[in-house]
Each structure stands twice: as structure tokens, then as C-alpha cells.
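> The following block contains a protein sequence and its predicted model.
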Amino acid sequence: MNSNFSSAPLALVTGGALGIGGAVSRRLAADGYRVLIVDLNGEAADRVAAEIGAGGGEAEALTADVTLPAGVQLIADRLAQDPAAPAVLVNNVGDFRPAKAVFHKSTPEHWEALHRVNLWHVFAVSHLVIPSMIAAGRGAIINVSTVEAYRGIPGNAVYSAYKAGVSAFTKSLAVELGPSGIRVNAIAPDLTDTDQTPADAMLEGRDPALTASWLPLGRFGTPDDHAGVVSFLASDDSRFVTGHTIPVDGGTLASSGWYGRAGERGWTNRPTHA
């Protein structure tokens, strides 16, 4: 993408370089959007933008930390140069780290860090983009929540609370913006093989065949699994869908929860024994 903007609709993806975000950026570009990839990792964002361009798509990388006002301002400055309002916003940034074993050992600084990466940026970037969507009379916002917003997760109470906030924000914002022609939805991932949560780390030395007992679909998710659902939520095929968080979890939310470890303290959502 350059200063001679095409007529393709604009999609903005935060954390759009790696993992689920990278897959979303590639999928939206394949769907015909020109994608603004916003990521803290500028090198990775540049690489994905170049890959999209080499494949005939349109993408631009913007290095910015969306957990800080200065990073959101960089997005504002970039959008001010573009004649088109974003047609799609994907608030993908999020992280359960830094995690603490138990809540009473966490600190206010820990809460604040998780707040900015999981909830504050969703507010801030949405707040930036919504006025132009209202003026255009259309738009789709897709947030990334988690299945842990709907079930307990030991050791990550603060993270799950903020992600529950993402899903609640999604519902209320959808009602608020519906009359303006803007739809707001979310996805809720679980057990997805990414750089942030690699399959080997999730297995922790266990037999890979055990995944069939953890996920009804029998495998870990892939970033492309999520990108396909985001593509649907961004498209006119979902024109009558708003206010919902769709689990993209292989069935874990429907089938399972956390289990006490046999003969020892602690919990697991990947039991070694039946």
C-alpha cells in the first residue's frame, strides 16, 4: 500500500503480524481488503506485509504499541492520511502473561499490565475508529476474547476478568452501534498452536494422542481456523449477526473444564489420565 490508495476497503488488525493476527491479516487481504497491520514487532509486520504484497494483496505495516496512548496516536496519524474509513477493525492484541500462580500473590502493577494489553487497547482503538465508521454508515468490529471469559481459569483470574469484559463490551457496543450500520462481534479461542502458545508447550511432554480427550475435534487449533471465522464476521454473509462471541475452540467450552491434578496440588485443562 502506498500514498496512492486503492479503492479496496480498509481493514485494521492490531497484533496483525504473528499467530492468529498474522493469519487474520493474510485472510482479509485474500478477501480483497487492503490491510493495515499494526504490531509492536515491526520486523514481523513488515515481513507479513511483504508476503501479502508478493501474493498480489495490499498491506502496510505500522509499528505501534497499542497498549499506550502514543501507539494509538500513531494509528490516528496514519488513518488521517487515508481517504477511506476502516471498514473492518480487528482488535486482536491480548496476552495472559505476565501470569501469577494465584491472585493473592499478584500486584496492582500486574493487573494494570494485563488491563492495557487485554481490555484498554480494545476501548482505545475502537474509540478512535468508530466515529469514521458512523460517518460512513457501515463497519464491522471483531474483538478477540477467550473461552476463559466463560469458565474459570486457575492462576489467571485477572486475565479472564478482562477478557470477560471484552465480550461484555462487544455485546453492549453492538446494541449501541447497530442503528449506525456497524456490527460488533468477537471470537473466543482456546488451545491454539501459535508462537505465544506452541503445541509442544501445551503438551508438556504428554502423548499427543491425548488431544482427542481434551478437544472433541481431536486436534489443537491453528491460526487459520480463527482467521476463517473473522473473515465470516467481517463479510456480508454475517450481515444479520451482531453482539456475539463465537467460541473457536474445537469444542472445549462445550465439553470440558479444569481438572484437579491426581495426587498433587494444582489444576490442568489437559488431564493425563481419564
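Arrived safely. Numbering: from 1, shown residues only.
> where do the helices sit along the stretch 1-150 of the chain?
Counting by DSSP state H, counting those that start in this stretch, one finds helices in the stretch 1-150 of the chain at the ranges 19-30, 42-54, 69-79, 108-115, 121-136.
> Would you mind putting the CA coordinates of the first one into CSV?
Spelled out, it's helix 19-30. Taking Å, rounded to 0.1, in the frame of the first residue of the first chain, the C-alpha atoms of helix 19-30 are listed here in CSV:
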residue,chain,number,x,y,z
GLY,A,19,-0.2,-16.1,15.3
ILE,A,20,-3.9,-15.5,15.0
GLY,A,21,-3.3,-11.9,14.0
GLY,A,22,-1.0,-12.8,11.2
ALA,A,23,-3.5,-15.4,9.8
VAL,A,24,-6.2,-12.8,10.0
SER,A,25,-4.2,-10.2,8.1
ARG,A,26,-3.4,-12.7,5.3
ARG,A,27,-7.0,-13.9,5.1
LEU,A,28,-8.5,-10.4,5.0
ALA,A,29,-6.0,-9.5,2.3
ALA,A,30,-7.1,-12.5,0.3
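> helices and strands around it, which ones?
In this structure, helix 19-30 packs against strand 10-14, strand 34-39, helix 42-54, strand 58-63, strand 86-91, helix 223-234, with contacts taken as 3 or more C-beta pairs under 8 Å, 6 or more residues apart in numbering; DSSP states H and E. From N, CA and C alone the C-beta is placed, and that goes for glycine too.
> Now do the contacts for the closest residue to residue 153 other than its chain neighbours.
Distance criterion C-beta to C-beta, 6 or more residues apart in numbering; nearest residue to residue 153, sequence neighbours excluded, is residue 160 at 5.0 Å. Applying C-beta atoms under 8 Å, 6 or more residues apart in numbering, one finds that residue 160 lies in contact with 146, 148-149, 152-153.
> Also residue 171?
By C-beta under 8 Å, 6+ apart, the neighbours of residue 171 are 243-245.
> Quick one: mark the members of the residues you listed that sit in strands.
Of the contacts of residue 171, the ones assigned to strands by DSSP state E are residue 245.
> any idea which of the contacts of residue 171 has the most stuff around it?
Taking other C-beta atoms under 10 Å as the neighbour criterion, residue 245 ranks highest of the contacts of residue 171 with 23 neighbours.
> Compare the helices and strands packed on helix 19-30 and give me the one nearest residue 182.
Shortest distance between residue 182 and the helices and strands packed on helix 19-30, using C-beta to C-beta, is found for strand 86-91: 9.6 Å.
> neighbouring contacts of the closest one?
9-14, 16, 21, 24, 28, 33, 36, 79, 121-122, 125-126, 129, 132-133, 136, 138-144, 166, 230, 234.
> Save the helices and strands packed on helix 19-30 as CSV, and put in mean neighbour count and mean pLDDT too.
CSV is the format used below for these (neighbours: other C-beta atoms under 10 Å; pLDDT from 0 to 100):
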stretch, mean neighbour count, mean pLDDT
strand 10-14, 28, 98
strand 34-39, 28, 98
helix 42-54, 18, 98
strand 58-63, 22, 98
strand 86-91, 26, 98
helix 223-234, 21, 97
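> Let me see the contact set for residue 142.
Here residue 142 is in contact with 88-91, 184-187, 230, 233-234 (C-beta under 8 Å, 6+ apart).
> Make CSV from these and add distance to residue 201 to it.
Shown next, in CSV, are the contacts of residue 142 (distance: C-beta to C-beta, whole Å):
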residue, distance to residue 201
88, 31
89, 30
90, 25
91, 25
184, 32
185, 29
186, 25
187, 22
230, 24
233, 29
234, 30
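> and which of those residues is nearest to residue 215?
Relative to residue 215, the closest of these is residue 187; by C-beta to C-beta it sits at 16.2 Å.
> hey, what's the closest one bridged with?
residue 144, residue 246 (DSSP bridges).
> give me every residue that touches it.
For residue 187, the contact set (C-beta under 8 Å, 6+ apart) comprises 142-145, 226, 229-230, 233, 245-248.
> can you count the residues close to the nearest residue to residue 269 once chain neighbours are set aside?
Nearest residue to residue 269 in three dimensions, chain neighbours excluded: residue 258, at 5.1 Å (C-beta to C-beta, 6+ apart). By the criterion of other C-beta under 10 Å, residue 258 has 15 neighbours.
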